[in-house]
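Trainee: fold the following.
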Amino acid sequence: MNNTFVLYLECSDCGKQYSTREVHTFCPDCQAALITHYDLTAARQHLDREAVRARPRGMWRWSELLPVDDPANYVSLGEGDTPVLSVPRLATGLGLEQLYLKDESSNPTGSFKARGLAAAISKAKELGIEKVIIPTAGNAGGAMAAYAARAGIRAHIFMPKDTPSANIKESRMAGADVVLVDGLISEAAGMAGVKAREEGWFDLSTFKEPYRLEGKKVMGYEIAEFFDYQQLPDVIIYPTGGGTGLVGIWKAIAELAELGWLETNNRPRMVAVQADGCAPVVKAFDEGKDFCDFWLNAQTMASGLRVPKSFADRIILSTIRESGGTAVSVGDEAIFAAQSEIAKQEGLFVAPEGAATLAALKELVAQKWVAPEERVLLLNTGSGLKYLDHMD
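Mentor: Numbering: from 1, shown residues only. Presented below is the predicted three-dimensional model:
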């Protein structure tokens, strides 16, 4: 059964095309990410946005714009359709008229990683993959373990030994083999890559397979739908480690425009937020580079931001520039303060990565990069409850 308008995978560098019905990771010639493309002309003729809106809640109501052919292969724990909340007390404090926060903490396993892993594991199931492996800063491991368990697929995880204990425990509880690494996610990625090559595990590393991006892009669909397709945020501020969410939201907006569903020509300026102790995207952006240098001695309490170099650094940087956005880094002290402020002002216990977006917004307002009348959306990528052992 073909329930999708998916066409092919395309190398983000050389443009070579690959079939979505075969197992692929990244372009072997360019060592670059593969991007999923759809027949949006046909989709425009057959899909109705209000019909999609009326479907039962969840990520898979967008199934025609996701890469899985047969609905029997959907692996779901109820991910998607997280709330977009107005945060008026924070807005008033910043002198802004319209400030919103999309709260991904209500996803299964407590973070936005559920979206990407739901799509990736579903496609892995469809392609007959029996064992998957991932390096992770924490939340992606927990999500992969849960969805692999749901699908009956074996899971192996490499994560830094100082990963929040909640991530370690949830991954093991779901039956994954977890190896704790004395190092960063970059060391974990190296070990996962070796094991994948030597033992035939399928590597689900960020952007080293095509489909996690497709699950994450649904955040962009939901954002446009929340604003009734008539307006979009002027600014979207996103905590950026591997960068899948930032790139995915921008991809979704482009797809919606091609479908003819948007009633505005305005596009959000995409802001990548990193930590002062690990800011490869910010450094490359400021220096006008098209790629990131590996960040040495990466340090930050926001474990999801402790990514010394993303596999898709070129795509992240081009997304920021194409949107007219920027990249900002903030210190851990500012992240902690923002996390406390969001909880006290709005009752939301956000992850440190999500709190970093408020810290960045404060800088952008002070620089007058964001105007008082602009519509601003912060992305909280996970629950603060995952980080209790990293707090005083």
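Trainee: can you tell me how far G277 sits from D48?
Mentor: G277 sits 47 Å away from D48 when distances are taken as CB to CB, to the nearest Å. Quick note: C-beta positions are derived from backbone N, CA and C, even for glycine.
Trainee: these two - which one has more neighbours?
Mentor: Taking other CB atoms under 10 Å, G277 and D48 do not tie; G277 has more neighbours (17 against 10).
Trainee: was I right about that one contacting S303?
Mentor: No: using CB atoms under 8 Å, G277 is not in contact with S303; the gap is 11.5 Å.
Trainee: grab the most central residue of the chain for me.
Mentor: Per CA atoms, centre = their mean, the C-alpha nearest to the average position across the chain is that of G245, at 2.7 Å.
Trainee: off-centre distance for the host helix or strand of it?
Mentor: Using DSSP states H and E, G245 sits within helix 244-259. Put simply, helix 244-259 sits 12 Å off its chain's centre (CA atoms, centre = their mean, to the nearest Å).
Trainee: which other helices and strands does that helix contact?
Mentor: Packing partners of helix 244-259 (3 or more CB pairs under 8 Å, 6 or more residues apart in numbering; DSSP states H and E): helix 40-46, helix 212-226, strand 235-239, strand 269-275, helix 313-322.
Trainee: in the longest one, which residues are buried?
Mentor: Okay, so that is helix 212-226. Buried residues in helix 212-226, counting neighbours by 16 or more other CB atoms under 10 Å, are found at 212-226.
Trainee: tell me the bridge partners for R154.
Mentor: K131 (DSSP bridges).
Trainee: how much space between it and A137?
Mentor: 22 Å.
Trainee: how about the lowest-mean-pLDDT helix or strand in the chain as PDB, C-alpha atoms only?
Mentor: Least confident helix or strand, the chain: helix 185-199 with a mean of 90, by mean pLDDT, DSSP states H and E. The C-alpha trace of helix 185-199 is given here as PDB (Å, rounded to 0.1, in the frame of the first residue of the first chain):
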ATOM      1  CA  ILE A 185      29.000  12.600  21.600                       C
ATOM      2  CA  SER A 186      31.800  12.800  19.000                       C
ATOM      3  CA  GLU A 187      33.600   9.900  20.700                       C
ATOM      4  CA  ALA A 188      30.300   8.100  21.000                       C
ATOM      5  CA  ALA A 189      29.700   8.600  17.300                       C
ATOM      6  CA  GLY A 190      33.100   7.200  16.400                       C
ATOM      7  CA  MET A 191      32.500   4.000  18.400                       C
ATOM      8  CA  ALA A 192      29.000   3.600  17.000                       C
ATOM      9  CA  GLY A 193      30.300   4.000  13.500                       C
ATOM     10  CA  VAL A 194      32.900   1.300  14.000                       C
ATOM     11  CA  LYS A 195      30.400  -1.100  15.500                       C
ATOM     12  CA  ALA A 196      27.900  -0.400  12.700                       C
ATOM     13  CA  ARG A 197      30.400  -1.100  10.000                       C
ATOM     14  CA  GLU A 198      31.900  -4.200  11.600                       C
ATOM     15  CA  GLU A 199      28.600  -5.900  12.800                       C
END
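Trainee: pull the distance from that helix to the chain's centre.
Mentor: With CA atoms, centre = their mean, you get 21 Å for helix 185-199.
Trainee: cool, stretch 232-250 as well?
Mentor: 8 Å.
Trainee: tell me the mean pLDDT for it?
Mentor: The average pLDDT within stretch 232-250 is 97.
Trainee: in stretch 149-161, which residues are buried?
Mentor: Judged by neighbour count (16+ other CB under 10 Å), stretch 149-161 contains these buried residues: A149, R150, A151, I153, R154, A155, H156, I157, F158, M159, P160.
Trainee: which residues does the fifth one contact?
Mentor: Contact partners of R154, counting by CB atoms under 8 Å, 6 or more residues apart in numbering, are E130, K131, V132, A148.
Trainee: again, only this time at 10 Å
Mentor: Neighbouring residues of R154 by CB atoms under 10 Å, 6 or more residues apart in numbering: I129, E130, K131, V132, I133, A148, G175, A176, D177, W201.
Trainee: any figure for the gap between it and M219?
Mentor: 29 Å.
Trainee: for E346, see how far away the residue nearest to L99 when sequence neighbours are not counted is.
Mentor: Excluding its sequence neighbours, the residue lying closest to L99 (CB to CB, 6 or more residues apart in numbering) is A91, at 3.7 Å. A91 sits at a distance of 10 Å from E346 (criterion: CB to CB).
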